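*Asks:* Show me how the following folds:
(one chain, ligands or ions: 2)
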Amino acid sequence: MEGKKDLVNDACLMVKAPAKINLTLDVLAKRPDGYHEIEMVMTTIDLADRLTIYPREEDKITLDCTVSYLPLDDRNHVYQAARLVKERFGIKSGVHIHIDKQIPIAAGLAGGSSDAAATIKGLNRLWDLGMNVEEMAELGSHVGSDVSFCVYGGTALARGRGEKIEPLPSPPSCWVILAKPPIGVSTGEVYGALRIDEWKEERKSAEMIAAIQRSDFGGVCRALGNHLESVTLEMHPQVRQIKERMLRFGADGVLMSGSGPTVFALAERESRMNRIYNGLRGFCKEVYAVRILGENNR
Ligand SMILES: C[C@@](CO)(OP(=O)(O)O)[C@H](O)COP(=O)(O)OP(=O)(O)OC[C@H]1O[C@@H](n2ccc(N)nc2=O)[C@H](O)[C@@H]1O
Ligand SMILES: Nc1ncnc2c1ncn2[C@@H]1O[C@H](COP(=O)(O)OP(=O)(O)O)[C@@H](O)[C@H]1O
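*Replies:* Ligands and ions are numbered 1, 2, ... in the order given. Down below sits the predicted model:
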């Protein structure tokens, strides 16, 4: 492995990068800078990439990854995050970062954003930079809109273009069954196809926050909502088929995450989780059953 030749020693640091799901995603307005003003409730789940960070003497950032189809240069969010930390703090040494990729890519689960957040948190520890969570979230927002939330983790309301974070309590404990159809979705394309002038969809974030605060699982299921869902459903009819199948197998609530195409079902009981998981497996290659991760990990 070329990147590991000049490692300082065997000392390395491991950081977990969990995926997120959107319990809500309300689009409020299109902004002059091209982004959309949004409100969304997100929570991290127990499906995670793992990063191993090796210090190196040479002033260079190198990456390797368990999957072959991700770029390992400055197009990778991990590279961008590491470069940003080095620039901000004037660090003259380097790192090699190994990415153990478990989160599906371009899936609406913020895999790349979570890797970037884990890189910032890991380098903060490795180089003893003393950044607090707010400072790391601010730095991360320059890599992507979802990176700030991923720095906080847990459950939170995200506002602005996604970078203004207010932590929330954890939703009631439940199973999350995820199914990703074999298509990748471009977040920019989905936002771009929104016809915001004709927008009449109900906003769900306030109702979701109230249900979470009451620890009301039924209320959480009723408050699920995503304004990007109809756009992606129109582009990819398979997403609707997965939703229908999940409901038929007994899901308590079903929604597409982020810009998609991953769809998740919530289930309180393990028996339901098993039914949904087994019912989806013959239909879709990528199916996961995981738990919500809980409180934020500040
Ligand atoms: C939709 C969401 C929901 O959590 O996630 P994913 O589906 O990507 O996981 C996020 O809003 C995605 O965040 P992220 O993936 O970090 O987006 P960015 O890289 O910042 O932006 C990609 C593109 O999406 C559009 N964009 C993004 C965020 C936003 N509030 N308004 C936008 O219009 C812009 O066109 C931008 O160029
Ligand atoms: N470390 C990374 N992991 C995943 N995708 C990455 C990474 N770095 C850059 N990307 C690019 O970011 C895009 C979005 O990926 P991802 O974060 O997985 O999806 P999403 O924004 O839908 O949650 C992909 O086109 C991918 O090539």
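
*Asks:* Let's check: the centremost residue of this structure is which one?
*Replies:* By Cα atoms, centre = their mean, the chain has its centre lying nearest to A110, at 2.6 Å.

*Asks:* For that one, give its distance to D59.
*Replies:* When distance is defined by Cβ to Cβ, to the nearest Å, A110 is 30 Å away from D59. To be clear about C-beta, it is placed using only N, CA and C from the backbone, and glycine gets the same treatment.

*Asks:* if we can go back for a sec, would you confirm that the residue nearest to the centre of the chain contacts V151?
*Replies:* No. Contact between A110 and V151 fails when scored by Cβ atoms under 8 Å: they sit 11.4 Å apart.

*Asks:* Get me the contact residues on the stretch 101-250 of the chain for ligand 2.
*Replies:* Counting by Cβ under 6 Å from any ligand atom, the residues of the stretch 101-250 of the chain close to ligand 2 are 105-113, 115, 187.

*Asks:* and the longest strand along the chain, is it in reach of ligand 1?
*Replies:* Ordering each strand of the chain by length in residues (DSSP state E) puts strand 36-56 first. Yes. Contact of strand 36-56 with ligand 1 (Cβ under 6 Å from any ligand atom) involves 36, 38, 40.

*Asks:* so who does the closest residue in space to E166 that isn't next to it in sequence touch?
*Replies:* Spatial nearest neighbour of E166, excluding adjacent residues (Cβ to Cβ, 6 or more residues apart in numbering): L157 at 4.6 Å. Contacts here follow Cβ atoms under 8 Å, 6 or more residues apart in numbering; on that basis L157 touches 39-41, 165-166, 168, 205, 209.

*Asks:* Spell out which parts of the chain neighbour ligand 1.
*Replies:* Proximity of the chain to ligand 1 (Cβ under 6 Å from any ligand atom) is limited to residues 22, 25, 34-36, 38, 40, 108, 110, 113, 144-146, 161-162, 187-188, 191, 258-259.

*Asks:* Mark which of these are buried, thanks.
*Replies:* With burial judged by 16 or more other Cβ atoms under 10 Å, the buried subset of the residues of the chain next to ligand 1 is 22, 25, 36, 38, 40, 108, 110, 113, 144-146, 161-162, 187, 191, 258-259.

*Asks:* Mind checking which of those land in strands?
*Replies:* Short answer: those in strands (DSSP E) are 22, 25, 36, 38, 40.

*Asks:* Secondary structure element for the residue lying closest to the third one once chain neighbours are set aside, which one?
*Replies:* It refers to H36. Leaving aside its sequence neighbours, H36 sits nearest to V27 (Cβ to Cβ, 6+ apart; 5.2 Å). Assignment of secondary structure by DSSP states H and E places V27 within strand 24-30.

*Asks:* Check which helices and strands that strand sits against.
*Replies:* Contacting strand 24-30 under the criterion 3 or more Cβ pairs under 8 Å, 6 or more residues apart in numbering; DSSP states H and E are the following elements: strand 36-56, helix 205-213, strand 225-226.

*Asks:* Rebuild the ones you listed as CSV, extending it with distance to C284 and mean pLDDT.
*Replies:* Formatted as CSV, the helices and strands packed on strand 24-30 follow (distance: least, Cβ to Cβ, whole Å; pLDDT from 0 to 100):
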stretch, distance to C284, mean pLDDT
strand 36-56, 15, 97
helix 205-213, 26, 98
strand 225-226, 19, 97
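
*Asks:* among these, which is nearest R275?
*Replies:* With respect to R275, and counting by Cβ to Cβ, the nearest of those is strand 36-56 at 19.5 Å.

*Asks:* what angle do the closest one and helix 205-213 make?
*Replies:* Orientation check (axes from the mean of the first three to the mean of the last three Cα atoms, to 10 degrees): strand 36-56 against helix 205-213 gives 60 degrees.

*Asks:* Strand 36-56 to strand 24-30, inter-axis angle?
*Replies:* Strand 36-56 and strand 24-30 meet at an angle of 110 degrees, taking the same axes, to 10 degrees as the criterion.
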